[in-house]
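> Predicted model follows, preceded by the sequence.
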Amino acid sequence: MSHFVATLAYDGAGFAGFQKAKEHLTVEGALERALTILLKTPPKLERASRTDRGVHARGQIVTFSAFIDDLRRFTYKLNSLLPPNMRVMNLRPIPSDFHPSLDAMGKEYHYNVCPTPIQLPFRRHISYHFPYPLSIDRMKEGAKVILDLNDFAAYQNQHPEKRSDTCCRIERIDIVEEGLNLRFEIEGNRFLYKMVRNIVGSLLYLGCGKIEDLNALKMGKREELGITAPAHGLTLMKIHYPKKWGFC
């Protein structure tokens, strides 16, 4: 039996999050069912990130062990058994001591915003409609403030598994304008519960004037910062790993 790593892409609009649930369609549940059909036994899945309901992914990483002779044929069969809004983009062997979350060095997220008065209807599931005038320069100033933070307690929502260690390192926050789309690209070594969406919401509030003082971004409490931006604008783009594993 060999160990394999799968790169998943999925449209989160059709899933109740990643984690397996009895009464809802989830990414993990759909993948487990498809693999069970092919392998004749339920696989033990390990994932890099537990995305929330409605969050999309282009680079989710999942591992499992199995006997597979022809990877190309197996990938084709696996995708034919998955829902149409989910695909295994790549499947490759990996040493058995690789762990998708414990070995991760960081993650990259993109968040899409439509800042125009009217949103293109076919982007409604992948972009947050925020139809208010925004100062891009002001948001970029705010991004610099956030990049200097070490403690992100104010950017973590309440959760049963709320982390007590709230120190994180954000490597990059880029704000990219592309036609009718505004994209926040955020990379960091780790993220707290809904942290990316709270960063985006706070920068949007700064950009539209609902937050006036830049210092609020580093001294405010969760309730003093911006909204938690909706899940459907968020995409997990990539998980970063050490080069020794052969993919980064």
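It's in.

> Run through who's touching the strand or helix carrying Leu204.
Secondary structure assignment for Leu204, by DSSP states H and E: helix 195-208. Outside helix 195-208, the residues that touch it by Cβ atoms under 8 Å, 6 or more residues apart in numbering are 109, 111, 113, 130, 132-136, 138-139, 142-143, 146, 152, 155-157, 168, 173, 175, 184, 186, 211, 214, 217, 222, 225-231, 233-234. Glycine gets a C-beta too; all of them are placed from N, C-alpha and C.

> Out of these, name the ones that lie in strands.
Tyr109, Tyr111, Val113, Ile173, Ile175, Phe184, Ile186, Leu234 (DSSP state E).

> Now for these: which two are most distant?
Ile175 and Leu234 (15.0 Å; Cβ to Cβ).

> higher neighbour count, these two?
Neighbour count, other Cβ atoms under 10 Å: between Ile175 and Leu234, Leu234 has more, with 27 against 21.

> Spell out the residue ranges of the helices in the protein.
27-39, 71-81, 136-147, 195-208, 216-219 (DSSP state H).

> most tightly surrounded among the ones you listed?
helix 195-208 (a mean of 25; mean count of other Cβ atoms under 10 Å).

> got the contact list for the least confident helix or strand in the chain by mean pLDDT?
Here the helix or strand of the chain ranked lowest by mean pLDDT, DSSP states H and E is helix 216-219, holding a mean of 88. With Cβ under 8 Å, 6+ apart as the contact definition, helix 216-219 has outside contacts at Gly142, Val145, Ile146, Asp148, Leu149, Ser202, Leu206, Ile211, Glu224, Leu225.

> 10 Å instead, please
With Cβ atoms under 10 Å, 6 or more residues apart in numbering as the test, helix 216-219 has contacts from 141-146, 148-151, 154-155, 199, 202-203, 205-206, 211, 213, 224-226.
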